[in-house]
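>>> from the sequence below, what's the structure:
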Amino acid sequence: MRIERARSDAADVGDPGWQRPARSPTLLIAGGLLIAWWLVGKVLFVLAAGVLAAVALSAFTDWLMARGMRSRALALLLVVAGIAAALGTTGWLLAPEISTQIDELVQQLPQAWNTLLQSLQRWGWGRALAQPPPAQDQFAVVSNATGMLTRALHDVALLAIVAFLGFYLAANPEPYRRGLLRLLPPARRRRAKEVLEVIGATLQRWLLSRLFAMIVVGSATALGLWLLQIQLALTLGLLSGLLTFIPYLGAIVSAVPAVLLALTQGWMPAAYVIALYLGIHVVEGYLITPLIEQQAVWLPPGVSIAAQVILWTLAGVWGLALASPIAATLLVLVNMLYIEDQLGETAAVPTNGDAN
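Numbers count the residues shown, from 1 in each chain. Okay, the predicted model is just below:
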């Protein structure tokens, strides 16, 4: 009774201590976010990937419209047609060589794998590692392979959803932007529009920086493998460049076929290939990409690496691939909405993406 009377008296005199939970719903918001993550965590990453695809398509579309094209739908169709034509032309020019190299790759990988197994037989730990699984475990191997195939098909379907989502968002982004702004109080809509514009520009610059890194890695890998006289250098270079979009994991996956092919020539060529991939991706992951991102979107290397570790732990490959753009977006929000608007101070980093 005394406690209830004290609460009543405090409420009567307007004591802020009893009203603070009602005005600070931080725990409720955090709990809601955790529940949403548990329910639709991967869906959120698919939506984020769709937005990133829309930003990429919109960049080219806006460029065409700035040069006189009035119809956005026509501009977007020209962009999609241009991308398809570029891919088709590249495939047409490189198809004979790539097709031959892929056939050789398919034929030589089993031989390379057998060479690796024979080499492992020289040591006791190698024989234990190379021996086939027991009969009772073979069913588990088949089950795991089936599960991997199912997950691969699931991810391909998600990528198709990302592509369609990006296309429709880029075709007419205004209704989505206007609907998002209408969720906010009228007094805050102008500032929110500025924040969305800065985020869009930041993501465009991040995409350009990632494209540059992919080109550098693909070219360096193909050239290095050619100098080492490893077969299929062009195909392996293209594979390495494409998988560079996924930090760290892409480097490991792209190196496996190159190392296996080098093993057909001996341990020393394989060691050289490992050193080549390790050197290229260390330089790319810890020097080129962090420096480019710091200049393009002012994303400090430590923040980028920390975001990749955290989102890889939470969401796997999707989180790892989208960690840097998500971190860059959060930096914009913190600088503009908290440091500038709430604290009234100049942002610690430039919000317009122009690093000094």
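>>> return the distance of Ala86 relative to Val80.
Noted for Ala86: a distance of 11 Å to Val80, by C-beta to C-beta, to the nearest Å. Placement of C-beta: from N, CA and C, glycine included.
>>> give me the common contacts of the two.
Both Ala86 and Val80 lack any common contact, where contact means C-beta atoms under 8 Å, 6 or more residues apart in numbering.
>>> of those two, which one has the most company?
Higher neighbour count among Ala86 and Val80: Val80, with 17 against 10, using other C-beta atoms under 10 Å.
>>> can you tell me the helix or strand for the more buried one?
helix 72-120 (DSSP states H and E).
>>> what do you get for Ala262?
Going by DSSP H and E, Ala262 is part of helix 249-263.
>>> I'd like the next helix or strand past that helix.
helix 267-283.
>>> what's the angle between that next one and helix 249-263?
Interaxial angle of helix 267-283 relative to helix 249-263 (axes from the mean of the first three to the mean of the last three C-alpha atoms, to 10 degrees): 160 degrees.
>>> hey, C-alpha coordinates of helix 267-283 in CSV?
Provided in CSV are the C-alpha atoms of helix 267-283 (Å, rounded to 0.1, in the frame of the first residue of the first chain):
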residue,chain,number,x,y,z
TRP,A,267,53.4,-29.7,-54.9
MET,A,268,55.6,-26.7,-55.8
PRO,A,269,53.2,-25.3,-58.5
ALA,A,270,50.3,-25.7,-56.0
ALA,A,271,52.3,-23.8,-53.3
TYR,A,272,52.9,-21.0,-55.8
VAL,A,273,49.2,-20.8,-56.6
ILE,A,274,48.3,-20.7,-52.9
ALA,A,275,50.8,-18.0,-52.4
LEU,A,276,49.4,-16.1,-55.4
TYR,A,277,45.8,-16.2,-54.2
LEU,A,278,46.8,-15.5,-50.6
GLY,A,279,48.8,-12.4,-51.7
ILE,A,280,46.2,-11.0,-54.0
HIS,A,281,43.3,-11.4,-51.6
VAL,A,282,45.3,-10.1,-48.6
VAL,A,283,46.2,-7.0,-50.6
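>>> buried set for it?
Pro269, Ala270, Tyr272, Val273, Leu276, Tyr277, Ile280, His281 (16 or more other C-beta atoms under 10 Å).
>>> what packs against that helix?
Packed against helix 267-283 by the contact rule (3 or more C-beta pairs under 8 Å, 6 or more residues apart in numbering; DSSP states H and E) you find helix 186-227, helix 249-263.
>>> out of those, which one sits most buried?
helix 249-263 (a mean of 20; mean count of other C-beta atoms under 10 Å).
>>> can I get that helix in CSV, CA atoms only?
Provided in CSV are the C-alpha atoms of helix 249-263 (Å, rounded to 0.1, in the frame of the first residue of the first chain):
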residue,chain,number,x,y,z
LEU,A,249,34.7,-16.7,-48.5
GLY,A,250,34.8,-15.9,-52.2
ALA,A,251,38.6,-16.0,-52.2
ILE,A,252,38.6,-19.5,-50.6
VAL,A,253,36.0,-20.9,-53.0
SER,A,254,37.7,-19.5,-56.1
ALA,A,255,41.2,-20.8,-55.0
VAL,A,256,40.1,-24.4,-54.7
PRO,A,257,39.9,-25.4,-58.4
ALA,A,258,43.2,-23.5,-59.2
VAL,A,259,45.1,-25.3,-56.4
LEU,A,260,43.7,-28.7,-57.5
LEU,A,261,44.8,-28.1,-61.1
ALA,A,262,48.2,-27.0,-59.9
LEU,A,263,48.5,-30.3,-57.9
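>>> that one vs helix 186-227, what angle?
Calculated by the same axes, to 10 degrees, helix 249-263 forms an angle of 10 degrees with helix 186-227.
>>> by contact count, what packs against helix 249-263?
Helix 249-263 packs on helix 72-120, helix 233-243, helix 267-283, going by 3+ C-beta pairs under 8 Å, 6+ apart.
>>> run the angle between the next helix or strand after the last one and helix 186-227 for me.
Beyond helix 267-283 in the direction of the C-terminus, DSSP H and E gives the next helix or strand as helix 289-297. Relative orientation of helix 289-297 with respect to helix 186-227: 140 degrees, computed using the same axes, to 10 degrees.
>>> can you list the buried residues in helix 289-297?
For helix 289-297, by 16+ other C-beta under 10 Å, it's Thr289, Pro290, Ile292, Glu293, Gln294, Ala296, Val297.
>>> what is the burial count for Phe164?
12.
>>> in the stretch 151-300 of the chain, what spans have low per-residue confidence?
151-152, 155 (pLDDT under 70).
>>> how close does the nearest residue in space to Leu228 that is not next to it in sequence get to Gln265?
Excluding the flanking residues, the one nearest Leu228 by C-beta to C-beta, 6 or more residues apart in numbering is Tyr272, at 5.4 Å. Distance, Tyr272 to Gln265, using C-beta to C-beta: 10 Å.
>>> same thing with Gly82?
From Gly82 over to Gln265 (counting by C-beta to C-beta), the distance is 41 Å.
>>> give me the more crowded residue out of these two.
When neighbours are counted by other C-beta under 10 Å, Gln265 comes out ahead of the other of Gly82 and Gln265, with 17 against 12.
>>> run through the residues that contact that one.
Ile230.
>>> ok, Ile161 next?
Val46, Gly50 are the contacts of Ile161 under C-beta under 8 Å, 6+ apart.
>>> re earlier: dump the buried residues of helix 289-297 to TSV, plus distance to Pro247.
Putting the buried residues of helix 289-297 into TSV (distance: C-beta to C-beta, whole Å) gives the following:
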residue	distance to Pro247
Thr289	8
Pro290	11
Ile292	13
Glu293	11
Gln294	15
Ala296	16
Val297	15
